[in-house]
Each structure stands twice: as C-alpha cells, then as structure tokens.
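Visitor: Have a look; sequence and predicted model below, questions after that.
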Amino acid sequence: MTKRVDVACAVITRPDGAFLLGQRAADTVYAGYWEFPGGKVEPGETPRSALARELREELGIAVTRAYPWITREFTYTHASVRLHFFRVPGWQGEIRDYIHARLAWQHVQQPCVEPMLPANTPVLRALALPDFYGITRAGEIGVDAQLAALDQALHQGLRLIQIREPGLDAAATIAFAHETIRRARRHGARVLVNGDPDLAASIGADGVHLTARRLLGLAVRPELPLVAASCHDAAELAHAAHLGLDFVALGAVKPTATHPGLAAMGWTRFAQLVENYPLPVFALGGLSRDDIEDAWSAGAQGVAAIRAAWGVAPATTSR
C-alpha cells in the first residue's frame, strides 16, 4: 500500500481576488505542471506550521494571516497525498521564486496557465464560491420587499442566492424564482433552489440546495451544475462528501429564529466538524457578514444568512 503523505498548500490571495500558482521545475515529478505553493508536512509539524516554513523557504515570505480551508485526498502514480489547503490573504516580505520554474497570479474567472495538477481541479471550483450566501425570505417580508432587497444586495456584490420559500405556494414560488434568476443573471450571480432538483432544472436555476433529509435519501448526486446541502452533524457531512457535492451549509452555529428548537453548536464544535473536510462549508445560523472572520478562522468558506442578508423587517400584511 502506498503511504499517504500530508502536504500543506497555500492559496495566496490578493485583495483583487487573484491567487498565486507556481510551475513545477524541470527536475521534479510532473515537471511543467502548475500548483499551489506548499510542501510536505514533516514529522512533528502541524499543517499550519509546515505551511509557514514552506512559504518562507519557497517564496521568502512570512505568513501573517492564514485560514484552514479544505482538505483533499488524491492518489498519483507515485504517491498518495492528503492536501491541507489554507487561504493566505496576509504575509510580510516580497514574494520571490526559489524553487519553481516561474510564478503567475491568476483569476478564477479567467485562468490561463496550464496544465494544472489534477488534484487542484476541485480547489479551483471552490475558489469560485463567494464568502457570503444569501437565503431568501419573501414569504415573510413580502415578494416586492424581497425583490427590492435582492436588487440592493446584488448591487453591493451578492453572488450566491438560495431560494427557500416555505411560506409561498407552488405557483408563487415559481414566479418569484423566475424573477430572482432574471435579476441575478444581470450581475453574474448564481441561484439555487431549496430542496427540489426537478424544480431547479425546470426553471433554469444554477442548482439545488438539498435539505438534510433529502440529502440522506440520495444515492447519487443530482445532475445539476451546482449542488449543495444543509448539514447538522458528522454523518450528514460525510454523505455530502460521498456524493461529491459542491459545498454544504453547516449549523446552527448560533441560536436562530428559523429553527428555534435546534441547539447551537458554537464555533468550537463547528471547527471540529469541518477539520480535514473536503468540501467548502458555509457557516449557518444566527450569523451575519460581521461573523465572516470567525467563520474563516474555524475553517469555513464563509457565512450563509437569511435575515442578515436583506435587512428588511417582516411584512405586516400577507401578500
């Protein structure tokens, strides 16, 4: 059996969203392929300490901010690796190339260097996800108010939306979904429909966000471009990973009015559940944009929110 090697990998990012790749040197395995900087975790090291050492040796920089992100396992012909990816938005020193053939800053919307190491393909998909996920509440605040709030949020940069409307009937939900998708398209935002893969496909949504119950009832991933799920425990997280979903939302981190009977897990338990997890995870439950830094520190992709996404009070009369 091939021994598994733990590797610390850095997704070094600039404020403009660009990330750094290095091309493997001619005298290495997979010469000419592009990779995220990093290297092997040595005995006695944690992945975080290995990350700091490798970036100092490879690029001459000192890490000042690094957040645990996703962990991917991959088997090459020469080795089996477990890749611990960290997002690194802060460092000191000038980046210099000590081991790669060359370095290149890339944008996920327009990557141009190739070939990439095959283990990095899911990482590029994860990089395309934002750090905030807005969940609609038109049934509570009124359709008109929700659409107005949606327009404002899209203008301010919201790029991922879940249509979740238990308070609307089927016809109203479909009409609202069509209008949400139309407005989102103008801004390049992606829209998922809660719970129903068939409905998501029929109305032209980008994908579906499965309930935990629906998730556990599936044996294969729905055939949609973007598939996510709500999770509350390790078993649900494991099944989402087994199906190869694109991301999950995990909670409730804090008490929430949407599920008043659900005990809050807190950041410590959240971090334990997502440690070494292969999919991006949005923290959910009583959170807002003010919690994003805490979410990153706990290993999350970002924050998902219902009320905090829109800032609108419930309607006093039904629509």
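Guide: Nice, thanks for sending it over.
Visitor: Mean pLDDT per helix and strand in the chain: which one sits at the bottom?
Guide: helix 121-127 (a mean of 92; mean pLDDT, DSSP states H and E).
Visitor: So what would you say the end-to-end distance of stretch 157-168 is?
Guide: End-to-end distance for stretch 157-168, by C-alpha to C-alpha, to the nearest Å: 26 Å.
Visitor: typed the wrong thing, it's stretch 110-125
Guide: Terminal-residue distance, stretch 110-125 (C-alpha to C-alpha): 12 Å.
Visitor: mind listing what's buried in it?
Guide: 116-117, 119-120, 122-123 (16 or more other C-beta atoms under 10 Å). Where C-beta positions appear, they are placed from N, C-alpha and C, glycine not excepted.
Visitor: about what we covered before: by contact count, what packs against the least confident helix or strand of the chain?
Guide: In terms of contacts (3 or more C-beta pairs under 8 Å, 6 or more residues apart in numbering; DSSP states H and E), helix 121-127 is packed against strand 62-75.
Visitor: Just checking: what are the partner strands of the strand it packs on?
Guide: strand 80-92 (antiparallel) (DSSP bridges).
Visitor: So what touches the strand it pairs with?
Guide: Strand 80-92 is contacted by residues 2-13, 15, 36, 41, 47-48, 51, 55, 61-75, 119, 123, 276, 296 when judged by C-beta atoms under 8 Å, 6 or more residues apart in numbering.
Visitor: Generate a PyMOL selection restricted to the buried entries among these.
Guide: Applying 16+ other C-beta under 10 Å to the contacts of strand 80-92, the buried members can be selected in PyMOL as follows:
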select buried, resi 6+7+8+9+10+11+12+13+36+41+47+51+55+61+63+66+67+68+69+70+71+72+74+119+123+296
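Visitor: what about T258, neighbour count?
Guide: 17 (other C-beta atoms under 10 Å).
Visitor: any idea how far it is from S230?
Guide: Distance of T258 to S230, computed by C-beta to C-beta, to the nearest Å: 11 Å.
Visitor: E45 too?
Guide: 35 Å.
Visitor: Look at those two and report which has more neighbours.
Guide: S230 (24 against 16).
Visitor: Just list whatever residues bridge to that one.
Guide: Beta bridges link S230 to A249, judged by DSSP bridges.
Visitor: what's the answer for G90, then?
Guide: Using DSSP bridges, the bridge partners assigned to G90 are R65.
Visitor: any idea how far it lies from R14?
Guide: 11 Å.
Visitor: of the two, who's got more company?
Guide: For G90 versus R14, neighbours defined as other C-beta under 10 Å are more numerous around G90 (14 against 11).
Visitor: Model confidence for that one, exactly?
Guide: Note on G90: pLDDT of 98.
Visitor: Over to R53?
Guide: 98.
Visitor: how close does the closest residue to it other than its chain neighbours sit to A52?
Guide: Closest residue to R53 apart from its sequence neighbours, by C-beta to C-beta, 6 or more residues apart in numbering: E45 at 7.3 Å. From E45 across to A52, the span is 9 Å (C-beta to C-beta).
Visitor: circling back to that earlier point, now the buried residues of stretch 110-125 in TSV, with distance to A283?
Guide: Putting these into TSV (distance: C-beta to C-beta, whole Å) gives the following:
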residue	distance to A283
M116	29
L117	29
A119	26
N120	25
P122	20
V123	20
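Visitor: Looking at these, which is nearest D196?
Guide: P122 (25.5 Å; C-beta to C-beta).
Visitor: Kindly provide the distance from the closest one to F132.
Guide: 21 Å.
Visitor: All the helices of the stretch 1-150 of the chain, in order from the start?
Guide: 47-59, 121-127, 138-141, 143-155 (DSSP state H, counting those that start in this stretch).
Visitor: Among the buried residues of stretch 110-125, pick out the one closest to A241, please.
Guide: For the buried residues of stretch 110-125, the nearest to A241 is P122 (11.1 Å; C-beta to C-beta).
Visitor: What's opposite the nearest residue to that closest one once chain neighbours are set aside in the beta bridge?
Guide: Excluding the flanking residues, the one nearest P122 by C-beta to C-beta, 6+ apart is R72, at 6.1 Å. Using DSSP bridges, the beta-bridge partners of R72 come out as L83.
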